[in-house]
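Chemist: give me a model of this one.
(chains A, B, C and D)
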There are 2 protein chains.
Amino acid sequence: MDRADVNGVTARADVCSTAMTAPETRNERKERTRRALLDAALRQASERGFAALSLREITKQAGVVPTAFYRHFESMDELGVTLVEESMRTLRTMIRGARNTPGGSADLIRASVRTLSEHVRSHGEHYWFLVRERYGGTGAVRQTIGVELKLLTGELAVDLARFEGLRDWSTDDLRMLADLIVSAMLATVLELLEARPGADAEITADAERKLRLIFLGVPHWRSR
Amino acid sequence: MDRADVNGVTARADVCSTAMTAPETRNERKERTRRALLDAALRQASERGFAALSLREITKQAGVVPTAFYRHFESMDELGVTLVEESMRTLRTMIRGARNTPGGSADLIRASVRTLSEHVRSHGEHYWFLVRERYGGTGAVRQTIGVELKLLTGELAVDLARFEGLRDWSTDDLRMLADLIVSAMLATVLELLEARPGADAEITADAERKLRLIFLGVPHWRSR
DNA sequence: AGATTGAGTGTACAGTCGTTCACTGAAAAC
DNA sequence: GTTTTCAGTGAACGACTGTACACTCAATCT
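Modeler: Predicted structure coming up:
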């Protein structure tokens, strides 16, 4: 078995008329191999890093010939940026989920961390990719992640501004706080990814304590 | 110019007897090309990542033939682990420097952050390497960094235990605090590395505020 | 003085890589 | 029904990779 035959070309050639193969429009088919390329790339990149990707290997896993790659992406970097955007979308989904959980401050921390850990578990590859390339990456991919993460920190700062003890904080102090939270949570994400799934409770408890400690300082903060 | 000719073989062949070339023992010479290999590898790895290293390119930069590599390292991974150890040594040096600065708590934060930023500026490649491979790496290199960083966090926890408001903290709480500090400082290191050198003051000021905020919560902490 | 060691050399090989080019054939457009 | 479009094909390329092997020759040891 050399290639994955995602499009089922072999089967389609002789079975298409007899078996109930779904009739596919050309765009659907194109989109499908595009997805196959992205999925293969994400899997490889989350394991060995984006820099170690091989165009040939990706196309092999996607079930197409190497040259077919260029029908979908102009370069590897373009595919990388697409992966960043998709990963960022799931990250934003997570944050939105954490934001919309009702409850008090202590419970909110608990609920948010819980949302985070569950999301990391169910979208491991996206988080691996983001963490990996945020620090280890190069070029367009790394830069894009940096920009998006800065944007995301800004959003978090805005969210924080609506909380009780933070209403009168300056924009810059809020950004600093958001930054601190993000870096702490990023470290938590890495711990979750590296640990065996059984250790989740321990790690999330640790993350909760870190956030609690940070927020304990908030009432006593005065900007200088 | 194909190779760097670190050992000056070309010159030595005909000038050795006339010019005052320092007489070198065999071990000295070996150590020198070993260093050249490590330096070339560190430079490349800090720019493009360890995974993107090429044995041939490293040896070319070191001024030796590719196969000579194996006289010094059994594999690329072995060289990688050596780089981790060396980088970790400079990191420990930095921490020791920060620990030994006298002064009160507020000044201590300021002095420590200052030590950090100066160290990052003067040992940029080591810090690039550590940050890169801690998150983006694979295999032995990444694992070694993880272990060493955990050890280092432990040391920091012990250091923290001697401070005023932290004497009665549990070991686990201290480790959590150390962890939080390390992750915040790691993010700071990355900011320093990515920013143009002129922005140092801004970044260090930010780092100071983060640490101050964290320590503001300490007096109000009660373990659950 | 002669034997030994070992860092560095040069050639060669089998793989993999990204990219080029002309092509096929079915879906889409006319 | 004919033409056009274009995702996917397959061979070929030049460049680069890590490593095996037999070698040289100066520093070291005896």
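
Chemist: mark out where each domain of chain A begins and ends.
Modeler: Following automatic domain parsing, one gets these domains for chain A: A:24-71, A:76-220.

Chemist: out of these, which gets nearest to chain B?
Modeler: Among the domains of chain A, domain A:76-220 comes nearest to chain B, with 1.2 Å by Cβ to the nearest Cβ. All C-beta atoms are positioned from the backbone trio N, CA, C, and that covers glycine.

Chemist: quick one: average confidence on the closest one?
Modeler: Taken as a whole, domain A:76-220 has a mean pLDDT of 95.

Chemist: would you map the helices across chain A?
Modeler: For chain A, helices defined by DSSP state H occupy the ranges A:9-15, A:26-48, A:55-62, A:76-99, A:105-122, A:124-136, A:139-160, A:171-194, A:200-217.

Chemist: name the stretch among the ones you listed that sits most buried.
Modeler: For those, the largest average neighbour count (mean count of other Cβ atoms under 10 Å in any protein chain shown) is found in helix A:124-136, namely a mean of 23.

Chemist: how far out from the middle of the chain is that one?
Modeler: 7 Å (Cα atoms, centre = their mean, to the nearest Å).

Chemist: quick one: it to helix A:171-194, angle?
Modeler: Put simply, helix A:124-136 runs at 120 degrees to helix A:171-194, going by axes from the mean of the first three to the mean of the last three Cα atoms, to 10 degrees.

Chemist: in JSON lines: the domains of chain A, plus distance to B:Leu83.
Modeler: Listed next are the domains of chain A as JSON lines, based on distance: least, Cβ to Cβ, whole Å:
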{"stretch": "domain A:24-71", "distance to B:Leu83": "17"}
{"stretch": "domain A:76-220", "distance to B:Leu83": "15"}
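
Chemist: do you know which of those lies nearest DNA strand D?
Modeler: Each of the domains of chain A has some distance to DNA strand D by Cβ to the nearest atom of the strand; the shortest is domain A:24-71, at 3.3 Å.

Chemist: what about the closest one, near DNA strand C?
Modeler: Yes. Applying Cβ under 7 Å from any atom of the strand, one finds domain A:24-71 touching DNA strand C at A:25-27, A:53-57, A:66-67, A:69-70.

Chemist: coming back round to it: can you list the helices of chain A in a markdown table and add distance to B:Leu190?
Modeler: Shown next, in a markdown table, are the helices of chain A (distance: least, Cβ to Cβ, whole Å):
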| stretch | distance to B:Leu190 |
| --- | --- |
| helix A:9-15 | 46 |
| helix A:26-48 | 20 |
| helix A:55-62 | 29 |
| helix A:76-99 | 17 |
| helix A:105-122 | 21 |
| helix A:124-136 | 7 |
| helix A:139-160 | 9 |
| helix A:171-194 | 9 |
| helix A:200-217 | 19 |
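
Chemist: out of these, nearest to B:Thr138?
Modeler: helix A:26-48 (5.8 Å; Cβ to Cβ).

Chemist: so which residues on chain A come close to DNA strand D?
Modeler: Residues of chain A lying near DNA strand D (Cβ under 7 Å from any atom of the strand): A:7, A:9, A:26, A:29-30, A:32-33, A:63-68, A:71-72.

Chemist: and stretch A:211-224, how far out from the chain's middle?
Modeler: Here stretch A:211-224 is found 29 Å from its chain centre; the criterion is Cα atoms, centre = their mean.

Chemist: how about the residues of chain A near DNA strand C?
Modeler: Residues of chain A lying near DNA strand C by Cβ under 7 Å from any atom of the strand: A:13, A:16, A:25-27, A:53-57, A:66-67, A:69-70, A:75-76.

Chemist: now with 6 Å?
Modeler: Counting by Cβ under 6 Å from any atom of the strand, the residues of chain A close to DNA strand C are A:25-26, A:54-57, A:66-67.

Chemist: re the thing from before, B:Leu42 is nearest to which of the helices of chain A?
Modeler: helix A:124-136 (15.5 Å).

Chemist: sorry, back to before: can you list the residues of chain A next to DNA strand C in TSV and add pLDDT?
Modeler: Listed next are the residues of chain A next to DNA strand C as TSV, based on pLDDT from 0 to 100:
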residue	pLDDT
A:Thr25	89
A:Arg26	93
A:Ser54	98
A:Leu55	98
A:Arg56	98
A:Glu57	98
A:Pro66	98
A:Thr67	98
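
Chemist: in those, find the pair that's most separated.
Modeler: Pairwise across these, and taking Cβ to Cβ, the largest span is found between A:Thr25 and A:Ser54, at 30.8 Å.

Chemist: more neighbours: the two, which one.
Modeler: Shown here are A:Thr25 and A:Ser54; by other Cβ atoms under 10 Å in any protein chain shown, A:Ser54 has more neighbours (13 against 8).

Chemist: mind listing what that one touches?
Modeler: By Cβ atoms under 8 Å, 6 or more residues apart in numbering or on different chains, the residues touching A:Ser54 are A:Gln44.

Chemist: and for the one 3 residues further on?
Modeler: For A:Glu57, the contacting residues are A:40, A:44, taking Cβ under 8 Å, 6+ apart as the criterion.

Chemist: one more time with 6 Å, if that's ok
Modeler: By Cβ atoms under 6 Å, 6 or more residues apart in numbering or on different chains, the contact set of A:Glu57 is empty.

Chemist: also A:Ile181?
Modeler: A:Ile181 neighbours (Cβ under 6 Å, 6+ apart): none.

Chemist: also the one 3 residues further on?
Modeler: Contact analysis of A:Ala184 by Cβ under 6 Å, 6+ apart lists A:210, B:180, B:183.

Chemist: quick check: phi and psi at A:Asn100.
Modeler: Main-chain dihedrals, A:Asn100, degrees, to the nearest 10: phi -90, psi 0.

Chemist: quick revisit: and the residues of domain A:24-71 next to DNA strand C as JSON lines, adding distance to A:Leu156?
Modeler: Supplementary listing: the residues of domain A:24-71 next to DNA strand C in JSON lines, determined by distance: Cβ to Cβ, whole Å:
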{"residue": "A:Thr25", "distance to A:Leu156": "41"}
{"residue": "A:Arg26", "distance to A:Leu156": "42"}
{"residue": "A:Asn27", "distance to A:Leu156": "37"}
{"residue": "A:Leu53", "distance to A:Leu156": "31"}
{"residue": "A:Ser54", "distance to A:Leu156": "36"}
{"residue": "A:Leu55", "distance to A:Leu156": "36"}
{"residue": "A:Arg56", "distance to A:Leu156": "40"}
{"residue": "A:Glu57", "distance to A:Leu156": "37"}
{"residue": "A:Pro66", "distance to A:Leu156": "42"}
{"residue": "A:Thr67", "distance to A:Leu156": "43"}
{"residue": "A:Phe69", "distance to A:Leu156": "37"}
{"residue": "A:Tyr70", "distance to A:Leu156": "39"}
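
Chemist: many thanks, we can stop here.
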